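Asks: Fold the stuff below for me.
(2 chains)
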Amino acid sequence: MTRRLRDIARKVGRPLYVNRRLVNYYWERTRRNKLAVVGLAFILFLILLGAVGPFFTLDPTLVDFEQKNLPPVGFTTLKSVYDIETDELATSEVRGIWTHPLGTDSKGRDMLAMIVSGARVSLLVGLIASGIAIVLGTIVGVLSAYLGGWADNVMMRFTDIMMTFPFFLLLVLIVFIFGPRLVFIVLAIGLTGWTGTARLVRSESLSLRTREFVMAARAMGASDGRIIFRHLVPNVVSLIIVIATLSIPGVILAEAALSFIGLGDPTVASWGIILEAGQHSLDTAWWVAVEPGIMLFLTVLAFNFLGDGLRDAFDPKSNI
Amino acid sequence: MMSHELLDVRDLKKYYPVTAGFLSRHIGDIKAVDGVSFHVREHEILGLVGESGCGKSTLGRTILRLEEPTSGEVLHRGTDIAKLGKRELRELRKEMQIILQDPDASLDPRMTVGDSICEPLTIHNIGDEKERTERVAELMEQVGLEAAQATHHPHEFSGGQKQRVGIARALAINPKLIIADEPVSALDVSIQAQILNLMMDIQQEFGLAYLFIAHDLSVIKHMAHRVAVMYLGKIAELASKPELFQNPLHPYTEALLSAVPSVKPKGKERILLHGDVPSPLNPPPGCHFHPRCHRVLPSCSRKEPELAEISQGHFVACHLCDAGDL
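Replies: You can find the predicted model right below:
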């Protein structure tokens, strides 16, 4: 089974992986879009950050009330301490220190460590949930286009129903039923997010299906599976890459939004969770909410820039 | 006689149902192929001509069962292709291949041309990786390409080269019959001759039979041994090439022949057909050709002429010939 899957993956991935010239061609086209390159650089930086960052930062779960609510380096806040002796509030200025370059939260945890481990969580959530959604969407889309007739009808009407279903409500429901576990959140986003992909892939496959090379393959005696995996899917790979880069930020935001309304997994410090914690202390420690907010903003922007760039690069009709 | 017939098509029909309205009411059929019978012998090139929309391509595809026939028989060495199961059909596909019209669309843009040529070998599990690579190199040289180009992608080739790739791919599994569906009509005239000569050479070398579909009689004249003229889903005339070109009996054939450009104009008057091919959904009654025919008889709009053998191997479907009018 795994060998078969690997075989399929190799065949599907092959057009871009083996074909250096084509990769170079698309890279050349993508490179002309400066924003896309910046986006790609930021995403690579994030991946690196998520992969190796946690080894260099402090323990993000280490609580230290002595050091709570420290501002980032270069910022100062006022801290009021109630003095029992004099019955007065003594106000002192607090400076950010280099031990905690991005400051600490209300429990004295290091913000930098939390942001870095949050990057890992958010990226994983984005990649896995998008991966599930795209695989499902591609299967439904290609099959629907290739089989046609009643199978197409059944699958597309099911897609319509899924599309009209209030997705966020479903997420809330799933979290309510299964508890706020990250696994279920990822699964829920993946299992509901494939509908757009299915439609796009279907429409692309519909036009591919009638192309003469598919007819030639049938004349050679190619099986349906071969036509689907060797001819249809490789030809929608570029579309899928674009959909993926554009859907990942949506997924990251969905997870953050869920966390923000208190439905996130409290045991994992995703950016959404940090953001949610920070919103209660905006007046005393604004950086706790602002820092993950900026990261989310930049990440979403980076994926969108890259997605736009790839879409133009893969579209032979666009002049870039 | 039987043993020489590679392909025997009998009363083949391909109708496309036309539906209308909310309930998809069946309001008629497009009779793309409407009762066509002919045969192709081994090593023979049968030319099939007709205007666009007359059903030539549909006929070719129905023979290969890329379209399911509505009725009729397609006998390949006596086996009815139209009734084969999936597995047997796949086996039979080794015997018959197709060369398609548009070389741009007939190659998968994501596959190297080497992989494309190799695909039939992979599908039918012929040879191991090394043998296949050798076979691809051999095929590419046979069609006038360099073996080193196997790793290139279709977009790096010209139209003529792509068509050569298409030919190499069709040859890969040593078929006996190739259906060439307007293989040169998408190419420049200068390239057309090269490709046609290549196809002739290959036909000689491998002892192939072609069903050569074209809308250009000069191409057919260059290639074919026998010629079938198709009009609106039916065969109007079928004869050996010299017979058809010297003694065309059907007025439609006459009109087509008069349109062939010639270096030495024989002073023959050009027969101009008026109007378009009528809709195959609603063909004119009687002889389908009568509204455009320059020699129309009163009976033409009443009775449909049958394809009849007028002289040895010369078949015509025209009332002029029934009447002994010629």
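Asks: Show the pLDDT at residue 227.
Replies: You didn't say which chain, so I picked chain A. If you check residue A:227, the pLDDT there is 91.
Asks: my question was about chain B
Replies: Value for residue B:227, per-residue pLDDT: 94.
Asks: For the residue in the stretch 201-326 of chain B positioned nearest to chain A, name its beta-bridge partners.
Replies: Nearest to chain A in the stretch 201-326 of chain B, going by Cβ to the nearest Cβ, is residue B:211, at a distance of 13.0 Å. Where C-beta positions appear, they are placed from N, C-alpha and C, glycine not excepted. Beta-bridge partners recorded for residue B:211 (DSSP bridges): residue B:46, residue B:179.
Asks: quick one: contacts for the residue of chain A at minimum distance from chain B?
Replies: For chain A and chain B, the shortest gap (Cβ to the nearest Cβ) falls at residue A:221, measuring 3.7 Å. Residues near residue A:221 by Cβ atoms under 8 Å, 6 or more residues apart in numbering or on different chains: B:89-91, B:93-94, B:120, B:123-124.
Asks: so residue B:95 makes contact with residue B:178?
Replies: No - counting by Cβ atoms under 8 Å, residue B:95 stays clear of residue B:178, with 10.2 Å between them.
Asks: Neighbour count: the two, which is higher?
Replies: Neighbour count, other Cβ atoms under 10 Å in any protein chain shown: between residue B:95 and residue B:178, residue B:178 has more, with 24 against 17.
Asks: Skip the chain neighbours and tell me the closest residue to residue A:167.
Replies: Computed as Cβ to Cβ, 6 or more residues apart in numbering or on different chains, the closest residue to residue A:167 that is not its neighbour in sequence is residue A:192, at 5.0 Å.
Asks: distance of that neighbour from residue A:172?
Replies: Residue A:192 sits 12 Å away from residue A:172, going by Cβ to Cβ, to the nearest Å.
Asks: What segments of the stretch 101-250 of chain B are strands?
Replies: B:177-181, B:209-214, B:226-231, B:234-240 (DSSP state E, counting those that start in this stretch).
Asks: scratch that, chain A
Replies: Assigned by DSSP state E, chain A shows strands spanning A:76-83, A:88-95.
Asks: other SSEs contacting the last one?
Replies: By that I understand strand A:88-95. On a contact count with 3 or more Cβ pairs under 8 Å, 6 or more residues apart in numbering or on different chains; DSSP states H and E, strand A:88-95 meets strand A:76-83.
Asks: okay, now the residue nearest to residue B:139 when sequence neighbours are not counted: neighbour count?
Replies: With sequence-adjacent residues excluded and distances taken as Cβ to Cβ, 6+ apart, residue B:139 is closest to residue B:168, at 4.2 Å. Residue B:168: 26 surrounding residues under other Cβ under 10 Å.
Asks: quick one, what contacts residue B:168?
Replies: Taking Cβ under 8 Å, 6+ apart as the contact definition, residue B:168 lies against B:117, B:136, B:139-140, B:142-143, B:145.
Asks: which bits of the stretch 151-300 of chain B sit near chain A?
Replies: Within the stretch 151-300 of chain B, the residues that sit near chain A (Cβ under 8 Å from any Cβ of the partner chain) are B:153, B:166, B:169, B:173.
Asks: okay, residue B:232: pLDDT?
Replies: Residue B:232 carries a pLDDT value of 89.
Asks: hang on, I meant residue A:14
Replies: Residue-level pLDDT assigned to residue A:14 equals 51.
Asks: do residue B:204 as well
Replies: pLDDT, read off for residue B:204, is 91.
Asks: Can you tell me the closest non-neighbouring residue to the residue in the stretch 151-300 of chain B that chain A sits nearest to?
Replies: Of all residues in the stretch 151-300 of chain B, the one sitting closest to chain A is residue B:153 (6.7 Å; Cβ to the nearest Cβ). In space, residue B:153 comes closest to residue B:112 once its chain neighbours are excluded; the distance is 5.9 Å by Cβ to Cβ, 6+ apart.
Asks: can you tell which of the strands of the stretch 101-250 of chain B is closest to residue B:190?
Replies: Across the strands of the stretch 101-250 of chain B, residue B:190 has its closest neighbour in strand B:209-214 (17.3 Å, Cβ to Cβ).
Asks: What is that closest one packed up against?
Replies: strand B:5-20, strand B:25-41, strand B:45-49, helix B:56-63, strand B:177-181, helix B:189-206, helix B:217-223.
Asks: could the ones you listed be laid out in a markdown table, adding distance to residue B:308?
Replies: Conversion of the helices and strands packed on strand B:209-214 to a markdown table gives the following (distance: least, Cβ to Cβ, whole Å):
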| stretch | distance to residue B:308 |
| --- | --- |
| strand B:5-20 | 15 |
| strand B:25-41 | 12 |
| strand B:45-49 | 19 |
| helix B:56-63 | 20 |
| strand B:177-181 | 26 |
| helix B:189-206 | 30 |
| helix B:217-223 | 23 |
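Asks: I'd say residue A:123 and residue A:53 touch.
Replies: No - contact between residue A:123 and residue A:53 fails when scored by Cβ under 8 Å: they sit 11.1 Å apart.
Asks: Around chain B, which positions in chain A sit nearby?
Replies: By Cβ under 8 Å from any Cβ, the residues of chain A that approach chain B are A:15, A:19, A:21-22, A:211-213, A:215-223, A:226, A:230-231, A:234-235, A:237.
Asks: Of those, which count as buried by neighbour count?
Replies: Neighbour-count burial (16 or more other Cβ atoms under 10 Å in any protein chain shown) applied to the residues of chain A next to chain B gives A:15, A:19, A:22, A:211-213, A:215-222, A:226, A:230-231, A:234-235, A:237.
Asks: who's in contact with residue B:233?
Replies: With Cβ under 8 Å, 6+ apart, residue B:233 has these contacts: B:31-36, B:54-55, B:280, B:283, B:288.
Asks: who wins for most neighbours among these?
Replies: residue B:33 (30 neighbours).
Asks: what's the offset of the longest helix belonging to chain A from the middle of its chain?
Replies: For chain A, the helix with the greatest residue count under DSSP state H is helix A:111-147. Distance of helix A:111-147 from the chain centroid (Cα atoms, centre = their mean, to the nearest Å) equals 6 Å.
Asks: In terms of secondary structure, what does that helix contact?
Replies: By 3+ Cβ pairs under 8 Å, 6+ apart, helix A:111-147 packs against helix A:34-52, helix A:149-164, helix A:182-192, helix A:195-209, helix A:233-260, helix A:271-278, helix A:287-314.
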